[in-house]
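Asker: 3D, please:
(chains A and B)
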Number of protein chains: 2
Amino acid sequence: MQVTAPLQLYEPVAYSLEGGGKRIRPVLMLHAASLFSEHPETLFPAATAIELFHNFTLLHDDIMDHASIRRGLPAVHLKYGQNSAILSGDAMSIMAFRYLSRCKVSEPAPLLNLFSTTALEVCEGQQYDMEFEKRDQVSITEYLAMIRLKTAVLIACSLKMGAMLAGADEKSCRLLYDFGILTGIAFQLQDDWLDVYGEENSFGKQIGGDICENKKTYILLKAIEMSDQKTRSHLQEWMGRKNFDQKEKIEAVRKIFTESGASAATRTLMKEYHDLALESLQQLRIEDSSKKELREFAAKVLSREK
Amino acid sequence: MQVTAPLQLYEPVAYSLEGGGKRIRPVLMLHAASLFSEHPETLFPAATAIELFHNFTLLHDDIMDHASIRRGLPAVHLKYGQNSAILSGDAMSIMAFRYLSRCKVSEPAPLLNLFSTTALEVCEGQQYDMEFEKRDQVSITEYLAMIRLKTAVLIACSLKMGAMLAGADEKSCRLLYDFGILTGIAFQLQDDWLDVYGEENSFGKQIGGDICENKKTYILLKAIEMSDQKTRSHLQEWMGRKNFDQKEKIEAVRKIFTESGASAATRTLMKEYHDLALESLQQLRIEDSSKKELREFAAKVLSREK
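Answerer: Prediction:
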């Protein structure tokens, strides 16, 4: 990425984007568009917009969550300082809208409306996520609503924007949006699961972070629900400890997650979202063979290790 | 303002907007539009967008600058906490773009492009502002370029957007933009001057804040330039002190600003920008009487006390 002046504003932007990531959202946009058009020329600005926006949310979330590592590298606020992280994030969000304004479409309003509504929902999701940390009780329904906002809507938006830019009809746009929501929730459930069972090297984040922070993920909420009295007390005791050996706590809680059946229940729920996602895809009036990439994506969400 | 869920995201937004402010940007947009059209129906979303964006920048700047008071009230990050201030600011910036996408114009791209380019310039201005704080030397040229980005471009953008939405020709748009840049720089110079000579009650901000922080404003840079050796040493001695009585420092530095002629020089420069702004306005091929409000605004910039 070419970095222009002021360097201290745009260097963190480049650092954040060059850290890599899976580029899932632009790729999904491309797949969705290719279902309807051979050459959706308007994709590049929109794909850039969505990836910029996603990375902006990671950057600001890392400040709010005091996260130290992102994609195996120091988080922006640690490398460049908090003020730079705030301001460079602001710039990325604005750059996203600037790219979007360059989309050559006859009707830009619906596209902008979808993107800005989604962007606001992502903020709402982050707000709920932070609130849930401070609350004693979070229901599974609330948790799923939160990850829908925080993660799934941007994935759904990528797909729908790809379809819109390729001139798809409204029903197809809606079906792809639904596919995105369902796959996106499964994606986040897998993310939470990998935080417990993943390999640090391939995941790129610290394993067990959620456990150490007592994050009320589906797997934890399910473990509380499914455990017998004794195990639940044991779990709550770990959650109540102020001073603990991180490794010890992670291992103990992981064991409860496995033995209570919460881990298996998480995988079952993911499979249910996956199957519902495929049903949405099924309803798309498009030749089945064209849907291969999206089916593979949905499958990979369940098997990914990073 | 109606506050929807999640409350903790939208309450700080409402608090920030209900704090008041002069609404200069929407008012200027209205004045600019009324030069060309009786009923510019598309103004409301654009005016809301610009006011939201402006308040977003204040909110995030206050975090970065550790400012405690805004418009006589506790700054958002003090009232709601830093994370809420970051996230609610993010939401406001996105809401600005969402409002903008609702403008009913035949060609939204130029409008969006102007707004997003301006928004990015405002971030660049804030970055330079923060950098200058850490630097030993800042030239007057650099300072003026910084306040152009940080303050003037958004005022210029408001005027140009108003003209664009009212169907003005390109030359008129450019002249109003120039008027905005020139008046905007005068506006910031007056802001800096009021920080030294204003009344705390009417200004709504702590007086002397810039002096306490050795902020390299035009008036300080000019005082360094215009002082004799002895006074300059005296000024630099005050700037070098780590521990000082705030009131004492403010009074001593204010005296140097006055006696060195830096205060008068600031007022002279403001007048020059004011006169250049009026020249731009003069060139507008519109009946002179219609320009009354904009002329009055330019005059008020120089005489305002808040």
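
Asker: Residue numbers of the stretch 1-150 of chain A in contact with chain B?
Answerer: Taking CB under 8 Å from any CB of the partner chain as the criterion, the neighbours of chain B within the stretch 1-150 of chain A are A:5-6, A:8-9, A:60, A:63-64, A:83-84, A:86-87, A:89-91, A:93-95, A:97-98, A:100-102, A:108-109, A:112-113, A:116-117, A:119-120, A:123-124, A:126-128, A:130-131. Bear in mind the C-beta positions are built from the backbone N, C-alpha and C, glycine included.

Asker: Which ones among those residues map onto helices?
Answerer: Among those, the subset assigned to helices under DSSP state H consists of A:8-9, A:60, A:63-64, A:83-84, A:86-87, A:89-91, A:93-95, A:97-98, A:100, A:108-109, A:112-113, A:116-117, A:119-120, A:123-124, A:126-128, A:130-131.

Asker: Which among these count as buried?
Answerer: A:8-9, A:60, A:63-64, A:83-84, A:86-87, A:89-91, A:93-95, A:97-98, A:100, A:108, A:112, A:116, A:119-120, A:123-124, A:126-128, A:130-131 (16 or more other CB atoms under 10 Å in any protein chain shown).

Asker: For stretch A:209-223, C-alpha coordinates in CSV please.
Answerer: What follows is stretch A:209-223 as a C-alpha-only set of coordinates in CSV (Å, rounded to 0.1, in the frame of the first residue of the first chain):
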residue,chain,number,x,y,z
GLY,A,209,-8.2,-15.5,26.0
ASP,A,210,-12.0,-15.9,26.3
ILE,A,211,-11.6,-18.4,29.2
CYS,A,212,-9.2,-16.1,31.1
GLU,A,213,-11.7,-13.2,30.8
ASN,A,214,-14.8,-15.3,31.5
LYS,A,215,-16.2,-14.3,28.2
LYS,A,216,-19.8,-15.4,28.0
THR,A,217,-19.6,-17.2,24.8
TYR,A,218,-22.1,-19.8,23.7
ILE,A,219,-19.7,-22.6,24.8
LEU,A,220,-19.5,-21.1,28.3
LEU,A,221,-23.2,-20.4,28.6
LYS,A,222,-23.9,-23.9,27.4
ALA,A,223,-21.4,-25.4,29.8
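
Asker: quick check, distance from that stretch to the centre of its chain.
Answerer: Computed by CA atoms, centre = their mean, to the nearest Å, the chain-centroid distance of stretch A:209-223 equals 17 Å.

Asker: For that stretch, buried residues please.
Answerer: A:209-211, A:214-223.

Asker: now do stretch A:65-76
Answerer: Counting neighbours by 16+ other CB under 10 Å, one finds that the buried residues in stretch A:65-76 are A:65, A:67, A:70-71, A:75-76.

Asker: Then stretch A:158-173?
Answerer: Within stretch A:158-173, the residues that count as buried by 16+ other CB under 10 Å are A:158-166, A:168, A:172-173.

Asker: Need the max-distance pair from these.
Answerer: For these, with distances taken as CB to CB, the pair at the greatest spread is A:Ser158 and A:Ser172 (14.8 Å).

Asker: between the buried residues of stretch A:209-223, which is closest to A:Lys242?
Answerer: Using CB to CB, A:Asn214 is the member of the buried residues of stretch A:209-223 that lies nearest A:Lys242, at 11.3 Å.

Asker: so the closest one sits in a helix?
Answerer: No: per DSSP: H, G, I helix; E, B strand; the rest coil, A:Asn214 lies outside any helix segment and is coil.

Asker: tell me which element the closest residue to it other than its chain neighbours falls in.
Answerer: Counting by CB to CB, 6 or more residues apart in numbering or on different chains, the nearest residue to A:Asn214 once its immediate chain neighbours are dropped is A:Met239, at 4.7 Å. Secondary-structure assignment from DSSP states H and E places A:Met239 in helix A:229-240.

Asker: Find out how far that helix is from the centre of the chain, if you would.
Answerer: Once both centres are worked out by CA atoms, centre = their mean, helix A:229-240 turns out to sit 29 Å from its chain's centre.

Asker: Give me the helices and strands touching the following helix or strand past that helix, please.
Answerer: Past helix A:229-240, heading to the C-terminal end, the next element that is a helix or strand (DSSP H and E) is helix A:246-259. Helices and strands touching helix A:246-259, as assessed by 3 or more CB pairs under 8 Å, 6 or more residues apart in numbering or on different chains; DSSP states H and E, comprise helix A:170-197, helix A:209-212, helix A:218-226, helix A:229-240.

Asker: Give me the buried stretch members for the longest one, please.
Answerer: In this case it means helix A:170-197. Applying a neighbour-count criterion of 16+ other CB under 10 Å, one finds A:172-197 buried in helix A:170-197.

Asker: Can you pull the poorly scored residue ranges out of the stretch 101-250 of chain A?
Answerer: Per-residue confidence for the stretch 101-250 of chain A (pLDDT under 70) gives these ranges: A:201-205.

Asker: With only the CA atoms kept, save stretch A:187-197 in CSV.
Answerer: Written as CSV, here are the backbone C-alpha positions of stretch A:187-197 (Å, rounded to 0.1, in the frame of the first residue of the first chain):
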residue,chain,number,x,y,z
PHE,A,187,-18.3,-18.6,11.7
GLN,A,188,-18.3,-16.8,15.1
LEU,A,189,-19.2,-19.9,17.0
GLN,A,190,-16.2,-21.6,15.4
ASP,A,191,-14.1,-18.6,16.3
ASP,A,192,-15.2,-19.0,20.0
TRP,A,193,-14.6,-22.7,19.8
LEU,A,194,-11.1,-22.2,18.3
ASP,A,195,-10.3,-19.8,21.2
VAL,A,196,-10.7,-22.9,23.4
TYR,A,197,-9.5,-25.7,21.2
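
Asker: Give me the contacts around it.
Answerer: A:147, A:150-152, A:155, A:203, A:205, A:207-211, A:215, A:217-219, A:253-254, A:257, A:263, A:266-267, A:269-270, A:273, A:301-302, A:304-306 (CB atoms under 8 Å, 6 or more residues apart in numbering or on different chains).

Asker: hmm, which of those residues are the buried ones?
Answerer: Buried, going by 16+ other CB under 10 Å: A:147, A:150-152, A:155, A:203, A:205, A:207-211, A:215, A:217-219, A:253-254, A:257, A:263, A:266, A:269-270, A:273, A:301-302, A:304, out of the contacts of stretch A:187-197.

Asker: just to revisit the earlier point, now, the buried residues of stretch A:65-76 that are in helices?
Answerer: Within those, residues falling in helices by DSSP H are A:Val76.

Asker: and the buried residues of stretch A:65-76, which two are the farthest apart?
Answerer: Across the buried residues of stretch A:65-76, the two members that end up farthest from each other (CB to CB) are A:Asp65 and A:Arg71, 14.9 Å apart.

Asker: Which pLDDT value belongs to A:Val3?
Answerer: At A:Val3, the model reports a pLDDT of 67.
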